[in-house]
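> Structure, please.
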Amino acid sequence: EYQDTNDLQALFVKLLFRPEDNRLFLVGDPRQSIYRFRGANVAGFFSMAEHIRQSGGVMLPLHENFRSRPGIISFVNRVAATLFTPPLELVATLEPTATPEVIALCPPTTKDHSADEIRAHEARSIAATIHTLVTNEGFSLGDIVCLFQALTSTDIYEQALRLGGIPSRIFGGGYLLERPEIADLLSALSFAAFPERNRALIALLRSPLVGLSDDDLVLLAGEDGKGLRRNIRHHAEAGPILTLLETSHRLRRPSEIIRALLDHTGYEIFSATVDPSGGRTANIDRFLTIIENLEASAPISLRALVRYLHDLKIHGARLGETPATAEPTNAVRMMTVHAAKGLEFPVVILPDLIRGSHRANTQWCFARGEGLGLPPDVETLATREREADEEERKRLLYVALTRAEERLILPLHPDTKAKGLWHQWLLPFLNAPEVTVRDPESGIRSPEKDFRIPDPGSLIPKIEVFSPPPKLTLDTDAVRTFTVSELETFARCPQEYYLKHVVGVPAESLLPQHREALPAYLRGSILHSVLEELEPEHLELLPDLIERHCLANHVVPDERLIAELRGPLDLFCTTPLFQSLGKGRREVPFRWQWEKIDVVGKIDWLRPEREGGWEIIDFKTDRLEPSEVGDRAKTYDLQMTTYALAVEAALEEKVTSTTLHFLQPGVPFTVPMDDRRRNEGKRAISAIAKRIAEANFTLGTFTPPCARPDTTCPYHLNGLCWLDFQKRSPGSGVRDPD
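Numbering: from 1, shown residues only. Predicted structure coming up:
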């Protein structure tokens, strides 16, 4: 990507290149140099190209495009011929389709409309077009992306899609702290840190976390307007939330305060309901991760954190949101062209083409190579900067057009007064032979009835994550979904299932905290994450992998901890199994529906056998003696059998064996997969699902005895079950599950 280098980087490359000593190979496309605001200088590309020619090198144009349909490529070539000198035409390699590949949405007239009125009309026509693409043309919501020059006007388009029942997600803006869901959480933290501040209190009460209206606040304030703080304590919804926040800051870290608030208010469920695409919940997770990383790097008080976050917000800090991706999703994506660089999408829509350029500063100007310009030289420098900015906008448009694979959709307004450069450059090609013009008026219907998508999730095909694609027919009438862990836990101990999966008591929170050892659940999580990425040919990266995954689990590793985690991994690396680690697939999620039972899970390693069929390998991090492996392996038999049945149903191929590899002591335990085991496994799964369905889990009535009242049960402390311990010793040192 040499077109994105800055002047200093280009100088380094030029100094390192000595034709008598070495070779230089560069790849780049000057038409895709769009990072001038970061210091990239496309002139460096042309300068280096000429330097290579003078040194006896050659330039090899790469014309073939393997992404876009011929109609899109022909249109791009037509537009690029007017934007760039000299032109470089792309050659399409895909076959043309019978459907329109470049579509212009043109309303009858927008002559007397303001820019925002044009955007609002355009947004409704885009929503109607998306509805047609999904319901009539076979595209999914995740196939569609709206690319913007900037995200400052996206709220108009978000609202139109929301009215149409179309979920959307925004990527690439970077303004995480400006998102409404983050502002709500920040208002809660502000109140916890500064409960005496009225602004923090009002912001919290008006947010969806509490949900009071202005009228509610006026009534609570009383006739004299001074009773809000007194009366709010007796409010059924607000009172407990305020108490939680006021008492939490002395006992919990900021991230723990947020998690407690989310659990108490159900705000994540609210966010997922408001935004079915998952964008809001992803932003909440990202915000929590940022705070947890701050906590891990150094001790920080709640007040200091709140001040820091408010400073970042005031100065418009670009905290990263969920990265833009071309992976399947259940929502229409909205992102900047910069965020889409390097990605491709079946359907690309370019809204807000009428967006104008920034006005040049007439007081002062900073120009590359010229420095700071003041009157009377500022006008000359500003003109040069304006011309350079216009050239980059041409390149940005080229990048936007070339993201499309199957459809390129352009909202154009032939009689508008708007002066957007992109609109001006594209409008002359409205009647190009590749363009199909559509009147969006005919596609705009009542947003409440006609084009509302009743169930966006149903439009997204359920893709089982196997390769090759599975032939499994899903039973849509499954009455209950279980994880493999749930089935296994109930089979082992109904009381443990009740505490863990019904009451929701996290077993790891009850375990004694040893400073010198990592909790078993955390140790297992880190080791599994490392094994997912570990490759035999890159064994030297093992310490770096361990450190990275420790930090990802919010554990700051020292040399002792890295050595402790490396021990079982080094042992595994000496086994024959390690040498075949690159075969098959690791961390394979699955969903298996059978006899009204829906089972989901994830397989550590699915490895092909030499004679055909598959072997399922699961890594266990239990610390055992070699003599204990056989007995412990029996407790995992249902899990491994379930994995095998799910794979066989999805791939219609046999699983020949299952292997449990215990990392410590480094002993594998392999069991052949035969019909007897298959039949027993199905009977066991069916019986467990039936027992769970028939169980009455009402608190206080479900009291089966613990099936393993010993040190192996995570809910036993000093010989007492957690249930008994809570009854006999209320207010004891055991953590409250709430």
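> Specify the local secondary structure of the residue lying closest to Lys583 once chain neighbours are set aside.
Of all residues not flanking Lys583 in the chain, Arg607 sits nearest, at 5.6 Å (C-beta to C-beta, 6 or more residues apart in numbering). Any C-beta I mention is one placed from the backbone N, CA and C, and that applies to glycine too. Secondary structure assignment for Arg607 (DSSP: H, G, I helix; E, B strand; the rest coil): strand.
> In terms of pLDDT, where does Arg607 sit?
Reading off the confidence values, Arg607 has pLDDT 88.
> again, but for Asp475
The per-residue pLDDT reported for Asp475 equals 37.
> Next up, phi/psi of Val145, please.
Here is the backbone geometry of Val145 (degrees, to the nearest 10): phi -130, psi 140.
> and it, what are its bridge partners?
Per DSSP bridges, the residues bridged to Val145 are Arg333, Val348.
> How many residues are close by it?
Residues within reach of Val145, counting by other C-beta atoms under 10 Å, total 25.
> do the same with Glu390
Neighbour count for Glu390, taken as other C-beta under 10 Å: 11.
> ditto for the one 5 residues further on
Arg395: 22 surrounding residues under other C-beta under 10 Å.
> residues touching it, list them.
Under the criterion of C-beta atoms under 8 Å, 6 or more residues apart in numbering, the neighbours of Arg395 are Pro30, Arg31, Gln32, Ser33, Ile34, Val42.
> how does it look with 6 Å?
Arg31, Ser33, Ile34 (C-beta atoms under 6 Å, 6 or more residues apart in numbering).
> same question, Arg585
Residues near Arg585 by C-beta under 6 Å, 6+ apart: Leu606.
> One more: Gly227?
So Gly227 contacts Ala221 (C-beta under 6 Å, 6+ apart).
> Please apply the same query to Tyr643.
Neighbour list for Tyr643: Ile603, Ile616 [criterion: C-beta under 6 Å, 6+ apart].
> I'd like the average pLDDT over the helix or strand containing it.
Element membership for Tyr643 (DSSP states H and E) is helix 637-651. Average pLDDT, helix 637-651: 90.
> Please tell me how far it is from the chain's geometric centre.
Relative to its chain's centre, helix 637-651 lies at 29 Å (C-alpha atoms, centre = their mean, to the nearest Å).
> That helix: what's the following helix or strand?
By DSSP H and E, the next helix or strand past helix 637-651 is strand 655-664.
> Can you name every helix or strand that that following strand contacts?
helix 559-573, strand 614-623, helix 637-651, strand 667-672 (3 or more C-beta pairs under 6 Å, 6 or more residues apart in numbering; DSSP states H and E).
> let's see 8 Å
Applying 3 or more C-beta pairs under 8 Å, 6 or more residues apart in numbering; DSSP states H and E, one finds that strand 655-664 makes contact with helix 559-573, strand 614-623, helix 629-634, helix 637-651, strand 667-672.
> Out of these, which is closest to Gly279?
Proximity to Gly279 (C-beta to C-beta) singles out helix 637-651 among the helices and strands packed on strand 655-664, at 29.7 Å.
> What angle do strand 667-672 and the closest one make with each other?
Put simply, helix 637-651 runs at 60 degrees to strand 667-672, going by axes from the mean of the first three to the mean of the last three C-alpha atoms, to 10 degrees.
> got any ranges where the stretch 201-350 of the chain has weak pLDDT?
Scanning the stretch 201-350 of the chain for pLDDT under 70 picks out 249-250, 277, 316-329.
> Strands along that one, start to end?
Remark: strands assigned in the stretch 201-350 of the chain by DSSP state E, counting those that start in this stretch are 332-336, 345-349.
> TSV for those, including distance to Thr380 and mean neighbour count?
Output for the strands of the stretch 201-350 of the chain, formatted as TSV (distance: least, C-beta to C-beta, whole Å; neighbours: other C-beta atoms under 10 Å):
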stretch	distance to Thr380	mean neighbour count
strand 332-336	31	25
strand 345-349	38	23
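> closest to Phe490 out of the ones you listed?
Distance to Phe490, taken as C-beta to C-beta, is lowest for strand 332-336 among these, at 39.8 Å.
> So what's the gap between the closest one and the chain middle?
Per C-alpha atoms, centre = their mean, the centroid offset for strand 332-336 relative to its chain is 13 Å.
> picking that back up, so for Lys634, which of the strands of the stretch 201-350 of the chain sits nearest?
Here strand 332-336 is closest among these (C-beta to C-beta), at 47.6 Å.
> So for the residue lying closest to Pro61 once chain neighbours are set aside, what's the pLDDT?
Spatial nearest neighbour of Pro61, excluding adjacent residues (C-beta to C-beta, 6+ apart): Leu88 at 6.4 Å. With respect to pLDDT, Leu88 scores 76.
> same deal with Gly443?
45.
> likewise Ile126?
94.
> In terms of secondary structure, what does the helix or strand hosting it contact?
If you go by DSSP H and E, Ile126 is part of helix 115-136. The contact analysis (3+ C-beta pairs under 8 Å, 6+ apart) places helix 115-136 against strand 102-105, strand 144-148, helix 154-163, strand 345-349, strand 404-411.
> again, only using 10 Å
Applying 3 or more C-beta pairs under 10 Å, 6 or more residues apart in numbering; DSSP states H and E, we find helix 115-136 packed against strand 102-105, strand 144-148, helix 154-163, strand 332-336, strand 345-349, strand 404-411, strand 435-438.
> For that helix, C-alpha coordinates in CSV please.
Provided in CSV are the C-alpha atoms of helix 115-136 (Å, rounded to 0.1, in the frame of the first residue of the first chain):
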residue,chain,number,x,y,z
ALA,A,115,-30.3,19.7,2.1
ASP,A,116,-31.8,18.0,5.1
GLU,A,117,-35.1,17.6,3.3
ILE,A,118,-33.3,16.0,0.4
ARG,A,119,-31.5,13.7,2.8
ALA,A,120,-34.8,12.7,4.6
HIS,A,121,-36.4,11.9,1.2
GLU,A,122,-33.3,10.1,0.1
ALA,A,123,-33.2,8.0,3.3
ARG,A,124,-36.8,6.8,2.9
SER,A,125,-36.1,5.8,-0.7
ILE,A,126,-33.0,3.9,0.4
ALA,A,127,-35.1,2.1,3.1
ALA,A,128,-37.6,1.1,0.4
THR,A,129,-34.9,-0.1,-1.9
ILE,A,130,-33.3,-2.2,0.8
HIS,A,131,-36.7,-3.8,1.4
THR,A,132,-36.9,-4.7,-2.3
LEU,A,133,-33.4,-6.1,-2.3
VAL,A,134,-34.1,-8.3,0.7
THR,A,135,-37.6,-9.5,-0.1
ASN,A,136,-37.4,-9.8,-3.9
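> Return the distance of that helix from the chain's centre.
25 Å.
> So that it lines up with my notes, have the first residue be 26 from now on.
In the new count, where the first residue is 26, that last one comes out as helix 140-161.
> and the helices and strands packed on helix 140-161 as JSON lines, adding distance to Ile315?
Output for the helices and strands packed on helix 140-161, formatted as JSON lines (distance: least, C-beta to C-beta, whole Å):
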{"stretch": "strand 127-130", "distance to Ile315": "39"}
{"stretch": "strand 169-173", "distance to Ile315": "25"}
{"stretch": "helix 179-188", "distance to Ile315": "22"}
{"stretch": "strand 357-361", "distance to Ile315": "20"}
{"stretch": "strand 370-374", "distance to Ile315": "28"}
{"stretch": "strand 429-436", "distance to Ile315": "34"}
{"stretch": "strand 460-463", "distance to Ile315": "43"}
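> Between those, which one is closest to Leu230.
Per C-beta to C-beta, nearest to Leu230 of the helices and strands packed on helix 140-161: helix 179-188, 24.1 Å.
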